[in-house]
Structures are given as C-alpha cells and as structure tokens.
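1. Below are the sequence and a predicted model; questions follow.
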Amino acid sequence: MSQPPYSLAELIIFAAARAWRNDGELLATGITPLPRLAASFAKTQYNSALMITDGENWFVEDPVPPGPRAADLRIVTEGWAPYARTFDNLWSGKRHAMVAPVQLDRFGQANISVIGDHNKPKAALLGARGFPGNSIHHPNSFFFPVHNSRALVAGEVDFVCMAGYNPARWPGGRMPGKIDLRLIVTNLCVMDFSGPNNAVRLVSLHPGVSFEEVQDNTGFAVVRSEGAIPITPPPDATALAEITRLDPNNVRATILKGDPPGDRRAS
Amino acid sequence: MGFRPLSEPKALNKVCSIADIIERLSSGMTIGIGGWATRRKPMALVRALLRSDITDLTLVAPYGGPDVGMLAAAGKVKKLVFAFVSMDHIPIEPHFKNARQAGLPVLELDEGMAHWMLRAAAMKLPFLPTRVGLGTSVVDQPDFKMITSPYEDGEALLAAPALKLDAALIHVHRSDEKGNVLVFSPDPFFDELISRAAAKVYVTSEKIVTTRDLDLPVNARFNLFERSVVAAVAEAPFGAHPTSAAPDYELDLAHLRTYAASADAPEAWAAYRQTYVAIEPDAYLAAIGGADAIRALPKAIY
C-alpha cells in the first residue's frame, strides 16, 4: 500500500504516541494538543490500560477530542480526577507526562518559569507549576514545536523547574527520588537520553531532515549513534484515520506554523 | 427545680458584609487565596481589597489567576508566594507578568510542595519533609533549608517551611449563618488546606441558606470542613466572576480578555478599575451584563 501524505503534526503525534507504548497501567498526560493527541493514540492503539482525563476533572474511558465538543459526544467517565488526586497519584510514580517546556538543557532540566534573572525576569512565564515534583517521581517526555537553540539551550536553563541528570544539583550528589526522562519529540527529530551519562541522543530524523540541521539548531552536543540514522516512521492510512477520529476539529493543523507536510523531501 | 442558664445563649451567626470582612484585614498581613487560576476565586473580596487602603500584603496564592494579577497591578503585594499564575485559556496572566518583570519579590513553589507547606501550618509544625524541589532552582531560594532523615536511609530532604496565614479568603456555593459551607464544583482544589493554614478564614458564598437547606447529609461530600474553621461569611452572588463557580456559572472568557487587555497600558488598567472595581458589589452585576448573561455562559473546555 502506498504511503498517503501526512502532515508534520501527524508525524509528531504518531512518533510521540510510542512514549506510552510499554508503560502499563498509569496516567498518560499530554500537555498541549499534540502530546494530548499522542496520549490518546497510545491509549486506543497501543496500551488500553493507560488512564487519561478530559483535561479537567474526570478520568474518561475514551479520549475526549481537543476543542469544541459535538452535541452528541458521549463521554464515559470512569473516575474522579481532582487536583488532590493528581498529586497523590504522581507521587506514586504512576504517571508519564509529555510536557512542552520553554527551555530544555543537556541534563534534561526544563524551564517554564522565567527567561532571564529570576529576581527581575526579562520574560515572566507561568511559574514552576508541578514540574519539580513531576520530575523526580514519574517518567517525563518532552515536545518542542520549534526546535532551535533558544529552546534546546547551551549551558543550563534559566530557572530549573524540572530536575534532570545533573548531579551538581543533587543533594550530596545523590539523585533525589527517581529521575526517568524518556523521549524528546520536536519538529525536526526524535531524541532520548540514552547517550553516555544520559546525554541526549538522536533516535530518528523526520523525513528530509539532516543530523547537521538538528545539531545546528541545538545548544548542546547531540549524540549520534554509529551507522545510518533511522527515519521517523510515518503514520500509515490506518494510523492517519485514527488520528482524524481522535481530532475531529483538526486542532492538530493549528499548532505548527503553516501546518507543513511531514515529509520535507516531498515539498 | 431544673437547671437554668444565667442568660439565654445567643444563636451563632457569622454573617457579615464584604465591607465587614475588609475591616478585619489590615496592611502587612499574610493572606491566602483559594480557588485555581480561573476557577472559584473570591473575586468580590479581591475587588473590595482593591478599593481599600490595605497594602503591603504577603500574598499566598499557590494556584494564581486574576486574583494575583489584580492585587499586583494595584500595588497591594509586597511579596508573592506562588507555584503558577495563569488564566488557563490565556496562559500568561499579563498583570502578573508586568509586576514580575518590574521585580515583584516572590517565593516560587512547586504546586504539590505548597500543600505540604500549608499542611505543616495546619498541623502547627515548623516544616514537613519532602523531596519535591530537590534538583531544581526552587530550593536555591533563601527561604528553604535541608534536613537529614534520622532513620537508616539518611536521606537529604527539603524541610518545607510551614506557610502560616493571617487570613484565608475563599469562595463557596452555599453557607449557613454558622459557617457550614458547601462547594459544589467538580474540584474543591486546596481550599481546605489554605483555610486550615490560616488564623482566620473569611468566606464569600453564592447564597446563604438555612442549615436545613444545605441538605446534609446528602451533600456531605461537598462540605469542605467543620464550621469552627470559619470566622465570617458574606453573601456574594456571582462573587467569583470573572472566574467560574461551576455548576452555578462558568468562567467569563470575554471579560477575562477585557481584563487581560487592560494590562497593555496604565490608562487601560485605570479604565478597567473605574468600570469594574471602583463600584459597589451591587453595581458590579449590572456592569458585567446582568445575572442572566452570566448564568448563560458556556461551559469551559480545558
């Protein structure tokens, strides 16, 4: 069967969904629409034991589409998810979040608090939110819609909200809790933390992207394994149909500037 | 001859006005605010604070929204203790952003760490140990100290200090005159902890009803805490607007956008204050379009 055309957003959803593939029974949280759709895809296609929420207060049996809800949409609730329970659950480790921070560094430390000096920031963002607790209790993955060296920074992020593989920040050099960083999915590639000493390693390049393009847009050295670099597998017709079913409002077309095609060789 | 009390006991009645609550607050206090971002914020009290002379507040709003933005924009805040400030659909709270970028002093927390610090205050403990914050810049702030576990593990832990509040402000759906309260929204958030961490708790309620009309024990799970927690309660219909008090009413996104736009220039903020803040609570409902318009707001999608 020939490969149907697919958008970069659809490639990212398909690639990011694999983050939860072997997680067993835990809460899959995707922050911002593409990770959320990826978690939805993982739930319906790879791992039905995953728990997901409606984005507010309820555990739901089937993914709730992002954006406006059709009048006839039937949402089957399977549990209560107030914030108190969110924290109790995350402290147990039974959650894997894919988050979209503003900055990430080579240690996997992430920032959503400020750009610049914490006392008088150049840009005040959200604040640390639950990132510190998340980072030492449960697995975390990352999504970056624009892969550049302002997002994937040299040195350390401006305010470390998520702990990473940086023993200099650990009390007595001992890892606090359990830091377990998984995938980094961007508009250029997929990376993980499986290089030497948890260094960031390239897993696959999106079709038409070169290693040099990834490295030139990253503030730290990206580990390149021996041999040919895999191409990020594209979603087939069945996967694309499922993504369309999960996202009837086509919110995915609004996330990346110009909604570019997934295979840059084609354009 | 039976027992006769020296005098008739007076029925417990904590009902007062919003203005009465403001009378009981003063400059320099540490004040905690309940709710979450755009949900169930005690905004009628926040607006009343803006109309008052009270200032130099240490504001504890772990889950901040327009409450933080308004108080900061009005120059009422000496120090902000928070984990985030956001209006959900408007991710960055622009008044908070302005204040922060002008150097508003803060203590920045993790959301879960904030529970621990409130719980420590509620339990009259100096601190509670946690790992949350370790490995991050949060613990680089001078407010924090470490402790070593005295048990075999010998683990280095953060001694999260008690977050003691002089007063807590929360908004609920129903209360009786004695301060038995009900919160009907799908998430009670951490209003109980914020209240228990406070020396005095001031409540606004959509409606004040008879104890019988609270319909307990049917509504028992919506009862936040025992009434001795509450110092005073004022009736404030639509008192959370422009945030939500679902299921009674949803957030007013159009109003939040108007409010957000008022951060663009000092004149815009002055105009917003003139129209929506410098008026009595009774006039506010007319200014925002009336009760029917608020009740008709569509359900928010997160």
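-> It's in.

2. Listing request: residues of the chain with sub-threshold pLDDT.
-> Looking at chain A here, since you left the chain open. Low-confidence regions of chain A, defined by pLDDT under 70, span residues A:1, A:266-267.

3. oops, chain B please
-> In the predicted model of chain B, residues B:1 satisfy pLDDT under 70.

4. Skipping its backbone neighbours, what lies nearest whichever residue of the stretch 51-200 of chain A sits closest to chain B in space?
-> Closest to chain B within the stretch 51-200 of chain A is A:Ala163: 2.8 Å, counting by C-beta to the nearest C-beta. C-beta here means a position set from N, CA and C on the backbone, and glycine is covered the same way. Nearest residue to A:Ala163, sequence neighbours excluded (C-beta to C-beta, 6 or more residues apart in numbering or on different chains): B:Gly135, at 2.8 Å.

5. Strands along the stretch 151-267 of chain A, start to end?
-> A:181-186, A:189-192, A:201-205 (DSSP state E, counting those that start in this stretch).

6. Could I get these in CSV, plus columns for mean neighbour count and distance to A:Arg169?
-> Output for the strands of the stretch 151-267 of chain A, formatted as CSV (neighbours: other C-beta atoms under 10 Å in any protein chain shown; distance: least, C-beta to C-beta, whole Å):
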stretch, mean neighbour count, distance to A:Arg169
strand A:181-186, 25, 14
strand A:189-192, 24, 21
strand A:201-205, 18, 21
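
7. what about the ones you listed, which gets the closest to B:Ala121?
-> Across the strands of the stretch 151-267 of chain A, B:Ala121 has its closest neighbour in strand A:181-186 (33.6 Å, C-beta to C-beta).

8. Report the angle between the closest one and strand A:201-205.
-> Per axes from the mean of the first three to the mean of the last three C-alpha atoms, to 10 degrees, the angle that strand A:181-186 makes with strand A:201-205 is 40 degrees.

9. so what does strand A:181-186 touch, helix or strand wise?
-> helix A:8-17, strand A:95-99, strand A:140-144, strand A:189-192 (3 or more C-beta pairs under 8 Å, 6 or more residues apart in numbering or on different chains; DSSP states H and E).

10. and the residue of the stretch 51-200 of chain B found nearest chain A, how many neighbours?
-> Nearest residue of the stretch 51-200 of chain B to chain A, counting by C-beta to the nearest C-beta: B:Gly135, 2.8 Å away. Residues lying near B:Gly135 (other C-beta atoms under 10 Å in any protein chain shown) number 28.

11. what's it in contact with, if anything?
-> Residues near B:Gly135 by C-beta atoms under 8 Å, 6 or more residues apart in numbering or on different chains: A:Pro132, A:Ser135, A:Ile136, A:Val160, A:Ala163, A:Gly164, A:Asn166, A:Arg169, A:Trp170, A:Met175, A:Pro176, A:Ile179.

12. can you rerun that using 10 Å?
-> By C-beta atoms under 10 Å, 6 or more residues apart in numbering or on different chains, the contact list for B:Gly135 reads A:107, A:109, A:132, A:135-136, A:160, A:162-171, A:175-177, A:179.

13. mind listing the helices for the chain?
-> No chain was given, so I picked chain A. A:8-17, A:33-41, A:83-92, A:131-137, A:211-216, A:237-246 (DSSP state H).

14. please go with chain B instead
-> Ranges of helices in chain B, per DSSP H, are B:18-23, B:43-51, B:66-73, B:94-101, B:111-122, B:191-196, B:253-261, B:266-272, B:281-287, B:291-295.

15. can you count the residues close to the closest residue in space to A:Thr77 that isn't next to it in sequence?
-> Nearest residue to A:Thr77 in three dimensions, chain neighbours excluded: A:Trp58, at 4.5 Å (C-beta to C-beta, 6+ apart). Using other C-beta under 10 Å, the number of residues around A:Trp58 comes to 19.

16. where's A:Trp58 relative to B:Phe222, distance?
-> Using C-beta to C-beta, to the nearest Å, we find A:Trp58 at a distance of 17 Å from B:Phe222.

17. one step back: which one of the helices of chain A lies closest to B:Leu214?
-> The nearest among these, by C-beta to C-beta, is helix A:83-92 at 22.5 Å.

18. Could you tell me how far the closest one lies from the centre of the chain?
-> Centre-to-centre, helix A:83-92 and its host chain are 20 Å apart (C-alpha atoms, centre = their mean, to the nearest Å).

19. what's the answer for stretch A:60-69, then?
-> Put simply, stretch A:60-69 sits 19 Å off its chain's centre (C-alpha atoms, centre = their mean).

20. With respect to burial, which of the helices and strands packed on strand A:181-186 scores highest?
-> When these are scored by mean count of other C-beta atoms under 10 Å in any protein chain shown, the highest mean neighbour count falls to helix A:8-17 (a mean of 26).

21. Export that helix to PDB, keeping only CA atoms.
-> Extracted as PDB, the C-alpha positions of helix A:8-17 are listed here (Å, rounded to 0.1, in the frame of the first residue of the first chain):
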ATOM      1  CA  LEU A   8       4.300  17.100  10.300                       C
ATOM      2  CA  ALA A   9       1.800  17.400  13.200                       C
ATOM      3  CA  GLU A  10       0.500  13.900  12.300                       C
ATOM      4  CA  LEU A  11       4.100  12.500  12.200                       C
ATOM      5  CA  ILE A  12       4.700  14.000  15.600                       C
ATOM      6  CA  ILE A  13       1.500  12.600  17.100                       C
ATOM      7  CA  PHE A  14       2.400   9.100  15.700                       C
ATOM      8  CA  ALA A  15       6.000   9.300  16.900                       C
ATOM      9  CA  ALA A  16       5.100  10.700  20.400                       C
ATOM     10  CA  ALA A  17       2.500   8.100  21.000                       C
END
